[in-house]
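J.: Provided below for reference: sequence and predicted model.
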Number of protein chains: 4
Amino acid sequence: MSPRTKEQFEAIRSQSIRRILDAAFCLISKNGYESTSISQIAKEAGISKGLVYNYFDSKEDILVSLVESAFSEGEALFEEKFETTEPEEALCLLFDWFFNELRTQAELWKLITEMAFKIEKFPFIGELLQNKLREYFFMISQLLAQVGMPDPENEARMLAAVFDGIGFHYLIAGDEYPLDEMEQFLINKYCKNHKEQGE
Amino acid sequence: MSPRTKEQFEAIRSQSIRRILDAAFCLISKNGYESTSISQIAKEAGISKGLVYNYFDSKEDILVSLVESAFSEGEALFEEKFETTEPEEALCLLFDWFFNELRTQAELWKLITEMAFKIEKFPFIGELLQNKLREYFFMISQLLAQVGMPDPENEARMLAAVFDGIGFHYLIAGDEYPLDEMEQFLINKYCKNHKEQGE
Amino acid sequence: MSPRTKEQFEAIRSQSIRRILDAAFCLISKNGYESTSISQIAKEAGISKGLVYNYFDSKEDILVSLVESAFSEGEALFEEKFETTEPEEALCLLFDWFFNELRTQAELWKLITEMAFKIEKFPFIGELLQNKLREYFFMISQLLAQVGMPDPENEARMLAAVFDGIGFHYLIAGDEYPLDEMEQFLINKYCKNHKEQGE
Amino acid sequence: MSPRTKEQFEAIRSQSIRRILDAAFCLISKNGYESTSISQIAKEAGISKGLVYNYFDSKEDILVSLVESAFSEGEALFEEKFETTEPEEALCLLFDWFFNELRTQAELWKLITEMAFKIEKFPFIGELLQNKLREYFFMISQLLAQVGMPDPENEARMLAAVFDGIGFHYLIAGDEYPLDEMEQFLINKYCKNHKEQGE
DNA sequence: TATGAATGAGAATTCATTCAT
DNA sequence: GATGAATGAATTCTCATTCAT
C-alpha cells in the first residue's frame, strides 16, 4: 500500500500536538509545571509517553510551546478589540474584555501568571512577560491619555496593577470574589464621561 | 557529663527548627517548593538530612510551618503599625509600609504570593490566604472609611489589588520597575488632604 | 504506469541496502554500535525508519551484514594483492598494503577491531574474527617461510601482532603517531635482502 | 543512640564504593560500557540503584573512577617491577610481567583497551591512554637502549605494538592462542644475551 | 539529639520495533 | 516499496523517607 500523503501526516501530527498541548495546559495550569509529569500529560492526551517525545524535545519544550501559544492567543484577542474604537468606548471595552477573560479563561491567566515565579528557572519567560507587561502598560496609558486623564503613565501602571491584583485575588478567593461588583465599580470610576453620555 | 536540662534541649530544638525554616525560606522562595529538596535544605541549614525528620514529619510539614511563620511575621508588623495612629496618617503609613516591605522583603512577598498557585495541592494554604486577604481588605476599607472616602469597600478591594499587582509587576520587571515613582503617585492620589493639611 | 520489472525492484532493493549499510558503517565506526540508533542510520541513509525494517530484521541484523561486508571487502583487497607475486616483493607489498589501509581506511580497521570487544554479545563475530586472524596469520607465515625466515610461524604471529598493535596505537595517538617512520622501519627490518638486491 | 563515628561511616562508604566499582568492572569489562546498566551494576553489587548515586554522580563518573583506578593499578605494578634492576634482566622481567598480566588480568587489559574506542565520547580517556602509551613506550625504549639495541625508539614502538597486538589476538582467540609459546619466542628473540649468560 | 547510608517509587528520556496506510 | 506515527520497555537519574547506630 502506498504511504500516507504529506497532508495526512500533517493532520495526524497537528492533532497529536494539539492533544498534548491541551492536556499539558489543563494539567499544568491546575497543578503547576513541576507537579505535572509527562506520564500524566500522555495519559490525559490519550497517547503513549514515547509519542510525546516524537513531538517535543523535552518537558521544557512543551512549556515553551504552551506559554508561547498562550501568549499569542491573548495577543490576538487583545489587539482586535481595541484598535478600531474611540478611546472612551475602548476603555469600557477594556474592562469588559478583562473581566470576561478572567471569568472564562482563568486557567490561562493562572498559567501565564504563575510563570512569573519561574523566571529564574526559565529565563525565556522573563522576556515574554516583560514584553507582555510593556505592551499592556503602553496600551492602557495611551487609552488613558486619549481620554484626557492627567499623569496617564502612572495611572496606567496602577490600572495594570489593579488588573493583575484582581486576577490574583480572584484566584485566591474563587467565586466568593465579587467580580461583577468590581467590574461595575471600575467602569463607574474610569468611564464616567462615557456613561454620562449614555444616560 | 551531666545530662542536659529540659531548657537546653528546648533551646537546641528551637534553634534547629529556626535554621531549617530559614534555610527552607531562602531556598523555596528562590527556587520554588518542588525544586527544593530536603537535602538542599539540610545542607543550607548545616544539619543532617535525618535531623530534619526529627523536627518535621514531611516536606509538606516544613511548608506548613514555613508559610504559617511567614504569615504571622507579616501579621505582627502589620498590626503594630496601624493600630495606634489616626486615619490620615495611617493611610500614609500603609503606603510607606507596603513599599518598604516590597523593597526589603521581596522574597517574603514572593513566597506568600506563589502559594496562591498551590492551593489545589495544599488546601490549607487556601484558608490562610483567604484569611489574610480578608484582614488586609478589612483594614484598608476601615482606613478609607475613616478618611471619608465614598464606597470604601470597593476602593479597598481595588487598593488591595493595586498592592499585589505592583508586587507582581515588580517581580517581573525587577529594578526596572519605578517603585519610588509609584509610591509617590499613590501617596499623592490617596493622601492629598493629609498632605495639604501638612503643608 | 507500467509496473516495475523485477530488475528494477532488485536495483532499488540493493541500492537501499547499500545506503543503509554505508550509513551504518559511517555512524557505527565513528560512534559505536550501541550509540548508533536506527533513526540516525535511516536519516543518514536518507530513507525512513520503517524502510530499514523492510531490508533488515533488526539492528543486530544490520550489524551482521555490515561486519560481513566489511570483512569481505578487506578480504578481496587482501587476496588480490599477494597472490601473484614473488615472496620478497610480496612481503614489501604487505607492508605497503597494511600502512595504506591504515591511512585510508582507518574507519574500517576500527570497526572490525572494535568488534572483538563484542564477542560475548554477538558470538557470530568471534567466528569471523578468528577466521580472519587465521588467514591473516597463515598468509604472513607462508610469506616469511618463503623468504627463508627461521621459525616463520611465531614470526608471523608476532608480525600480525605488530600490525594490529600499530593500528591500535594509531587509533589512540592519531596523527601524532609516526606511521611513515614505522613503515620504513619495518620495511628495512623485514625486507633488507630484497632491498639490497634491488640496489 | 549516638550516631556512627566518622570512621564507621568511612568504612561503610569505602566498602560500598568498592562493591560498586568491582561490579562495574566485572560487568563493563565483560559486556561493554553501553551494554551495562546501572541496574545491573547495583544488582551485582547487592545494593539499590539509588545508592549508586550516593557515591557517583553519573554512570560516566563510575567509568572515570573505574578507568583511573584501573590505570593506576597497572601503574603501580609497572614501576615497582623495573626500576631497580639491570637492563638485561629488566627486559626479561618485562616480558614476564606482560604475559603474566595478560594471563591473570585479561579483563583489566580488555577494559583499558576498549576505552580507546570511546575516545570521541569520553575525551578524558584519550589523555589517559596517550600518557599511558608514552610512558610505556619511553620505558621500553630506554630498556632497549641500555641493552645496546640500535634504533631503540622504533624498536620500542614496535615492541609496544607487539604487546598490544598479542593482547588483542588473545582476546579474539582465547585459550587457543599460544601465549606460552609467544612468551618464549619473544624472550629468545630479545633477551638472547642475557639468556646466554644464564647458560 | 544527630548522622548519613540505604531504599524504592517515580521522573524524564531514548529507542528498537510494529503497523496502518 | 515506503512512510513516519505510535508503542512500551528499558535507561539514567532524583528524592522523600526510613533506619541502624
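T.: Thanks, I have the structure now.
J.: could you pull out the helices for chain A?
T.: For chain A, the helices defined by DSSP state H cover A:6-31, A:38-45, A:49-55, A:59-82, A:87-104, A:106-115, A:123-146, A:152-173, A:179-190, A:192-198.
J.: minimum distance to chain B: which of these has it?
T.: helix A:152-173 (2.8 Å; Cβ to the nearest Cβ). From N, CA and C alone the C-beta is placed, and that goes for glycine too.
J.: so of the helices of chain A, which one's packed in deepest?
T.: Each of the helices of chain A was scored by mean neighbour count; the highest is helix A:152-173, a mean of 22, by mean count of other Cβ atoms under 10 Å in any protein chain shown.
J.: what packs against that helix?
T.: Helices and strands touching helix A:152-173, by 3 or more Cβ pairs under 8 Å, 6 or more residues apart in numbering or on different chains; DSSP states H and E, are helix A:87-104, helix A:106-115, helix A:123-146, helix A:179-190, helix B:123-147, helix B:152-173, helix B:179-190.
J.: and with 10 Å instead?
T.: Applying 3 or more Cβ pairs under 10 Å, 6 or more residues apart in numbering or on different chains; DSSP states H and E, we find helix A:152-173 packed against helix A:87-104, helix A:106-115, helix A:123-146, helix A:179-190, helix B:106-115, helix B:123-147, helix B:152-173, helix B:179-190.
J.: next, format those helices as CSV and append distance to DNA strand E and mean pLDDT.
T.: Below are these laid out as CSV (distance: least, Cβ to the nearest atom of the strand, whole Å; pLDDT from 0 to 100):
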stretch, distance to DNA strand E, mean pLDDT
helix A:87-104, 29, 90
helix A:106-115, 16, 94
helix A:123-146, 15, 92
helix A:179-190, 34, 95
helix B:106-115, 19, 93
helix B:123-147, 20, 91
helix B:152-173, 25, 97
helix B:179-190, 36, 95
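J.: just tell me which of the ones you listed ends up closest to residue D:115.
T.: helix A:123-146 (37.9 Å; Cβ to Cβ).
J.: which strands or helices does the closest one pack on?
T.: Packed against helix A:123-146 by the contact rule (3+ Cβ pairs under 10 Å, 6+ apart) you find helix A:59-82, helix A:87-104, helix A:106-115, helix A:152-173, helix B:152-173.
J.: can you redo those helices as TSV with distance to residue C:59?
T.: Converted to TSV, the helices and strands packed on helix A:123-146 look like this (distance: least, Cβ to Cβ, whole Å):
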stretch	distance to residue C:59
helix A:59-82	27
helix A:87-104	51
helix A:106-115	41
helix A:152-173	51
helix B:152-173	50
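J.: now for the ones you listed, which one comes closest to residue C:189?
T.: Smallest distance to residue C:189 across the helices and strands packed on helix A:123-146 (Cβ to Cβ): 60.2 Å, for helix A:59-82.
J.: pull the CA atoms of stretch A:48-61 into PDB?
T.: Only the C-alpha atoms of stretch A:48-61 are listed here, as PDB (Å, rounded to 0.1, in the frame of the first residue of the first chain):
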ATOM      1  CA  SER A  48       1.900   6.900  25.000                       C
ATOM      2  CA  LYS A  49       4.700   8.600  26.800                       C
ATOM      3  CA  GLY A  50       7.000   7.900  23.900                       C
ATOM      4  CA  LEU A  51       4.900   9.800  21.400                       C
ATOM      5  CA  VAL A  52       5.200  12.900  23.400                       C
ATOM      6  CA  TYR A  53       8.900  12.900  22.600                       C
ATOM      7  CA  ASN A  54       8.100  12.500  18.900                       C
ATOM      8  CA  TYR A  55       6.700  16.000  19.000                       C
ATOM      9  CA  PHE A  56       8.600  17.700  21.800                       C
ATOM     10  CA  ASP A  57      12.200  17.600  22.700                       C
ATOM     11  CA  SER A  58      11.700  17.800  26.400                       C
ATOM     12  CA  LYS A  59       9.300  18.700  29.100                       C
ATOM     13  CA  GLU A  60      10.600  22.300  28.900                       C
ATOM     14  CA  ASP A  61       9.900  22.400  25.200                       C
END
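J.: can I see the domain layout of chain A?
T.: For chain A, automatic domain parsing gives the domain ranges A:1-56, A:60-198.
J.: residue A:56: how many residues sit nearby?
T.: For residue A:56, the tally of surrounding residues (other Cβ atoms under 10 Å in any protein chain shown) stands at 21.
J.: looking at it, residue A:164 is touching residue A:158, isn't it?
T.: No: the pair residue A:164 and residue A:158 does not pass the contact test of Cβ atoms under 10 Å, sitting 11.1 Å apart.
J.: what does chain A put close to DNA strand F?
T.: Applying Cβ under 7 Å from any atom of the strand, one finds that chain A approaches DNA strand F through A:1-4, A:9, A:12-13, A:15-16, A:47-51, A:53-54.
J.: closest to residue D:140 among those?
T.: Lowest distance from residue D:140 to the residues of chain A next to DNA strand F (Cβ to Cβ) belongs to residue A:53, with 51.4 Å.
J.: so how far is residue A:42 from that closest one?
T.: Separation of residue A:53 from residue A:42 (Cβ to Cβ, to the nearest Å): 10 Å.
J.: do residue A:118 as well
T.: With distances taken as Cβ to Cβ, residue A:118 is found 22 Å from residue A:42.
J.: ok, residue A:63 next?
T.: Separation of residue A:63 from residue A:42 (Cβ to Cβ): 15 Å.
J.: and what of residue A:135?
T.: Residue A:135 sits 35 Å away from residue A:42, going by Cβ to Cβ.
J.: which residues does the nearest residue to residue A:54 once chain neighbours are set aside contact?
T.: Nearest residue to residue A:54, sequence neighbours excluded (Cβ to Cβ, 6 or more residues apart in numbering or on different chains): residue A:16, at 7.8 Å. For residue A:16, the contact set (Cβ atoms under 10 Å, 6 or more residues apart in numbering or on different chains) comprises A:45-47, A:51-52, A:54-55.
J.: dump those residues into a markdown table; add pLDDT as well.
T.: Shown next, in a markdown table, are the contacts of residue A:16 (pLDDT from 0 to 100):
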| residue | pLDDT |
| --- | --- |
| A:45 | 97 |
| A:46 | 97 |
| A:47 | 97 |
| A:51 | 98 |
| A:52 | 98 |
| A:54 | 97 |
| A:55 | 98 |
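J.: show the contacting residues for the closest residue to DNA strand F within chain A.
T.: Of all residues in chain A, residue A:50 sits closest to DNA strand F, at 1.8 Å by Cβ to the nearest atom of the strand. Taking Cβ under 10 Å, 6+ apart as the criterion, residue A:50 is in contact with A:38, A:42.
J.: and what of residue A:161?
T.: A:137, A:168, B:158, B:161-170, B:182, B:186.
J.: same check, this time on residue A:125
T.: Contacts of residue A:125 (Cβ under 10 Å, 6+ apart): A:63-64, A:67, A:71, A:112, A:114-119, B:172.
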